[in-house]
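1. Coordinates for the following, if possible.
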Amino acid sequence: MNTALLVVAALACAIPSCRGGPTRSYRQYVDPFIGTGGFGFGVGGDPPGPQVPFGCLRLSPDGSEGDVWLDFLHYGGYSDSDTHIRCFSHTHMVGSGASDYGNIGVMAVREIPSVLALDGRYWYKSAFSHDKEIAEPGYYSVHLDDADVDVELTACGTHAGIHRYHFANSTSKRGNYILFDLAHSTTKGEAVVNGSIDISSSAGSTTVTGRALNHGALTGRNGVGVNVYFAAQFNATATLHGVWNQSGVVWNQDHLDATFVGGLFKFDEDVVDMNIGISFVSVAQAQANLNQQIAGSTFAKCRQATENEWDAKLSLVQVNDDNASKDDLTIFYTALYHAHLAPTTWTEANGVYLGMDNKVHTAPKGVVRFTDMSIWDIHRTQVPLLISLEPDVALNIAHTLVGMFNEGGDLPRWPIANVYAGCMIATHANVMLAEMIAKNVTDFDIETAYHGMYLQATNATRPHIGRSDLEDYLRLGYVPTDKESKAASLTLAYAYDDGVLSTVASFLNKHEDAAMFANRSKSYRNVWDPSSSYFCPRFTNGTFRCNLDPTFHGWMFDDDGFCEGNQAEWRWFVPHDLDGLVELMGKPTYIKELTNFFENTRKDNWTTLPNPYYWAGNEPDILEPFQFNVVGRADLSRKYSREVMKQSYSTQPNGIPGNDDYGTLSAWYVWAALGIFPRAGSDTYYLGAPLFANVTVNFSGHPLTILGNGASPDNWNVSSISLDGATIDTTTATVKHAQLARSSTLTFTMN
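-> Here you go, the predicted structure:
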């Protein structure tokens, strides 16, 4: 514990203000309930419960509206619309658009029905009120109305946490029970296909261990699922215990191994603490995680240590603007908080982890393995944020990707636990690795990383999904729509991946490869239809199949050639060669059409369904507000990025415009508010308009102060920009990573 606190203190002192006295706590501005609301495509999906930064244990409530819960509202387990809490579980997705995890359910109850099945699947659920609920970084509490129990939760490290249950008004008819439901998950229907529980008691405590085999929407893609193990210890001895399933309770039984497994524990004490460790390796490892991360600590000490960790992370970006509104600070710091919930720390106590080969490995000293990376999303904003703020974290992501290749045979597209989930399209791990190299995060095995990227770009028989229909892409220069439903998007994405792969080859002095991939990166031109001035799906015979209405989201209903976006949104997707896109369209047309694109966005600003123009709630067009810079109209980038910030983000539960996708949308807001935006896969940033007058950022290991002289929520106009006194052209407003990394002050004069 003392070692962890020393590390936290060191992180907190990374910027000079720490040297002159205690840093301000920005944790007060974080509201974890932002991102728990919305409907349809506007669901944020972030879990509000406690975890440490990048924690594996995400101890959070899983709710429902009475007996009803919809998966798409509960991808993070909880929705602001919930009226009931089903239980508290220990693993959660973070703002994804898929249902998985939600394992090891625990709940407090006061009465046990004589026939459990008559009271429904969640017979133990309880009504609650948001008025009696608190969520803060590292802490969650709620009053369970039906049970009359106050619940407090905190995290104690990456794989451990503590529950505290305050039982009130005990009577002979209303006992103090704590329940385990190992069959629980966030997925409607039973994703847990098997589980086991073991119970033992000694003087002063009761211990519970077990596992749940989770076969969720993503964890089940390996064909067998993923075991989640746990070890829990109460600070009191249960006076009565038993196991249960749909058939009922068997009291005084210590073990159960079945499809549906539960445990019940009765206590005389009115306040009961439960320490718990989780593991993806074994029960013994779960116990080791509990012992190492809690180690005789208390609820208060764990909570304080976790809060200190969050203070350190949030202090990486220090807003020093006395005129900043509380709402703006809340949106900003909640976004920064959400951007640090993931990826998931996969190494456990003593550095062990379960590899992609399903074998237990030990990471080299100082190396942290991660998982749960929605790479199709996070490569655009969240990973660039980590590269800039925390190069050490980015380096461990690189180690992780290389390690996954070594163990499983491929770089991952979307790893969850130790599973190649294969979600979404393309091989955008290329983008993350290329950007790390471009920004001088290079202390990893780049040769092996390149080998993995090269194989996925040239070999169509990879063991895991990499590039669909690679053969036709190599033969024709595009993916034909009569072979693949997302053909146009695949072509554009592969061209992007080839473009960044060319830069890695150049770094390694593989000049022939670099030239080959640079040539392939122009493949986006092969799906450009000059007659419509859109990228369109194309048949094997060369004819185009453009959609009659480019703004129609046909991908929701049939195979229209695009992935999670329409033809109008994918029209702008050439992030590696925007100059080439301008050449295709012509500069005047580019400016006119992109302006109209954003002007039309205002006509349909709700989030339940995708916007037919700029869709702030999803990823394909996430760079577009800043794409005016390449044609010397950075003023329009500033205008429209600020409009998106104001219209799509708020302090309300629906204050994130769509699935947060492991911090991707939150990181977008952080960048936009700083007035800097990364072109993913490169060392280039486009400058916008800072929201705050004074911000100090721990940029690449040193303090960079961003001054917005005259900045305000309603002022996005910039008359001059300078970097340590050197003028930057305000019309193109572009800067390189190395320039920022060696400078101390970036100044915007805003009129």
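2. low-confidence ranges in the stretch 51-200 of the chain?
-> For the stretch 51-200 of the chain, the stretches with pLDDT under 70 are 117-119, 170-173.
3. let's go with 80 and repeat that
-> 114-120, 169-174, 188-189 (pLDDT under 80).
4. can you pull out the strands in it?
-> 60-64, 84-89, 105-109, 126-127, 133-136, 139-144, 149-155, 160-167, 176-181, 192-202 (DSSP state E, counting those that start in this stretch).
5. so which of these gets nearest D660?
-> strand 60-64 (14.1 Å; Cβ to Cβ). Where C-beta positions appear, they are placed from N, C-alpha and C, glycine not excepted.
6. State the number of residues packed around S202.
-> Neighbours of S202 under the rule other Cβ atoms under 10 Å: 9.
7. OK, contacts around E619?
-> Residues counted as contacts of E619 (Cβ atoms under 8 Å, 6 or more residues apart in numbering) are W376, D377, R380, E564, D661, T664.
8. And those residues, which is closest to D322?
-> T664 (31.0 Å).
9. Which residue comes closest to the closest one once chain neighbours are left out?
-> Leaving aside its sequence neighbours, T664 sits nearest to D377 (Cβ to Cβ, 6 or more residues apart in numbering; 4.1 Å).
10. roughly how far is whatever helix or strand the one you found lives in from the heart of the chain?
-> Using DSSP states H and E, the element containing D377 is helix 375-378. In terms of Cα atoms, centre = their mean, to the nearest Å, the centre of helix 375-378 is set 9 Å apart from its chain centre.
11. again, but for stretch 672-686
-> 19 Å.
12. List the contacts of the residue nearest to N176 when sequence neighbours are not counted.
-> The shortest distance from N176 to any non-neighbouring residue, by Cβ to Cβ, 6+ apart, is to F167 (4.2 Å). When contacts are counted by Cβ under 8 Å, 6+ apart, F167 is found next to A108, R110, D148, V149, N176, F267, E269, D270, V271, V272.
13. what comes up buried for stretch 474-494?
-> Of the residues in stretch 474-494, 476-481, 483-494 count as buried by neighbour count, 16 or more other Cβ atoms under 10 Å.
14. That stretch: end-to-end distance?
-> Using Cα to Cα, to the nearest Å, the span of stretch 474-494 from its first residue to its last is 10 Å.
15. Could you do stretch 241-249 as well?
-> The straight-line separation of the ends of stretch 241-249 (Cα to Cα) is 10 Å.
16. Pull the residues that contact it.
-> Residues outside stretch 241-249 that contact it (Cβ under 8 Å, 6+ apart): 112, 115-117, 179, 183, 197, 199, 201, 206, 250-256, 258, 260-266.
17. one step back: residues in contact with the very next helix or strand once past the helix holding D377: which ones?
-> Next in sequence after helix 375-378, counting helices and strands by DSSP H and E, comes helix 382-389. Applying Cβ under 8 Å, 6+ apart, the contact partners of helix 382-389 are 316-317, 339, 342, 393-394, 397, 432, 435-436, 439, 441, 662-664, 666-667, 670-671, 678, 680, 697-700, 737.
18. what comes up buried for the next helix or strand after helix 382-389?
-> Of the helices and strands lying after helix 382-389 in sequence (DSSP H and E), the nearest is helix 391-408. For helix 391-408, a neighbour-count test (16+ other Cβ under 10 Å) marks 391, 393-408 as buried.
19. With stretch 721-735 instead?
-> Those would be I721, L723, I728, T730, T732, A733, T734, V735, for stretch 721-735 by 16+ other Cβ under 10 Å.
20. a markdown table for these, including pLDDT?
-> Shown next, in a markdown table, are those (pLDDT from 0 to 100):
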| residue | pLDDT |
| --- | --- |
| I721 | 98 |
| L723 | 98 |
| I728 | 98 |
| T730 | 98 |
| T732 | 98 |
| A733 | 98 |
| T734 | 98 |
| V735 | 98 |
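21. Most widely separated two among these?
-> L723 and T732 (13.8 Å).
22. D497 belongs to a helix?
-> Yes - applying DSSP: H, G, I helix; E, B strand; the rest coil, one finds D497 inside a helix.
23. got a list of what it touches?
-> A426, T427, H428, N430, V431, A457, R467.
24. same deal with S489?
-> Per Cβ under 8 Å, 6+ apart, neighbours of S489: I425, G561, F562, C563, G565, W570, F573, P620.
25. how about a cut-off of 6 Å?
-> Contacts for S489 (Cβ atoms under 6 Å, 6 or more residues apart in numbering) come out as F562, C563, W570.
26. ok, it to L501 distance?
-> Distance, S489 to L501, using Cβ to Cβ, to the nearest Å: 18 Å.
27. ditto for S81
-> Distance of S81 to L501, given as Cβ to Cβ: 44 Å.
28. Compare these two (neighbour count), which wins?
-> Taking other Cβ under 10 Å, S81 and L501 do not tie; L501 has more neighbours (29 against 18).
29. doesn't the more buried one fall inside a helix?
-> Yes - under three-state DSSP, L501 sits within a helix.
30. which residues does it contact?
-> L501 neighbours (Cβ under 6 Å, 6+ apart): N430, M453, A457, F517.
31. One more: S666?
-> Per Cβ under 6 Å, 6+ apart, neighbours of S666: A335, H338, A339, D660.
32. Could you rerun that using 7 Å?
-> A335, H338, A339, I656, D660 (Cβ atoms under 7 Å, 6 or more residues apart in numbering).
33. From G44, how far off is the fourth one?
-> What that stands for is I656. Relative to G44, and taking Cβ to Cβ, I656 is found at 4 Å.
34. now swap in the first one and tell me
-> Taking Cβ to Cβ as the criterion, A335 is separated from G44 by 11 Å.
35. Show me the contact partners of the helix holding D377.
-> Here helix 375-378 has contacts from 412-414, 423-425, 428-429, 432, 619, 661-664, using Cβ under 7 Å, 6+ apart.
36. Could you rerun that using 8 Å?
-> Under Cβ under 8 Å, 6+ apart, the answer for helix 375-378 is 342-343, 412-415, 423-426, 428-429, 432, 619, 661-664, 667.
37. which ones among those residues are found in strands?
-> Residues of those located in strands (DSSP state E): P415.
38. what about burial for the contacts of helix 375-378, which qualify?
-> By neighbour count, with 16+ other Cβ under 10 Å, the contacts of helix 375-378 hold 342-343, 412-415, 423-426, 428-429, 432, 619, 661-664, 667 as buried.
39. Inside helices: which ones of these?
-> Residues of the buried ones among the contacts of helix 375-378 located in helices (DSSP state H): A429, M432, T664, A667.
40. S99: neighbouring residues, count only.
-> 24.
41. Is it correct that it is in contact with G76?
-> No - the criterion here is Cβ atoms under 8 Å, and S99 misses it with G76 at 9.8 Å.
42. overlap in contacts of these two?
-> By Cβ under 8 Å, 6+ apart, the residues touching both S99 and G76 are M93, T186.
43. where does the protein have its least confident helix or strand?
-> The weakest-scoring helix or strand in the chain, judged by mean pLDDT, DSSP states H and E, is helix 2-12 (a mean of 37).
44. Would you mind writing the CA trace of stretch 145-154 as CSV?
-> The C-alpha trace of stretch 145-154 is given here as CSV (Å, rounded to 0.1, in the frame of the first residue of the first chain):
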residue,chain,number,x,y,z
ASP,A,145,-35.3,0.8,-0.6
ASP,A,146,-36.9,-2.7,-0.5
ALA,A,147,-34.2,-4.2,1.6
ASP,A,148,-33.6,-1.0,3.7
VAL,A,149,-29.9,-1.4,3.3
ASP,A,150,-27.2,1.2,2.6
VAL,A,151,-24.5,-0.1,0.3
GLU,A,152,-21.0,1.3,-0.2
LEU,A,153,-18.4,0.2,-2.7
THR,A,154,-14.8,1.0,-3.3
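45. Show me which positions of it end up buried.
-> Result for stretch 145-154 [16+ other Cβ under 10 Å]: buried residues A147, D148, V149, D150, V151, E152, L153, T154.
46. tell me the secondary structure for the nearest residue to G262 once chain neighbours are set aside?
-> Excluding its sequence neighbours, the residue lying closest to G262 (Cβ to Cβ, 6+ apart) is W244, at 4.2 Å. Put simply, W244 is strand when judged by three-state DSSP.
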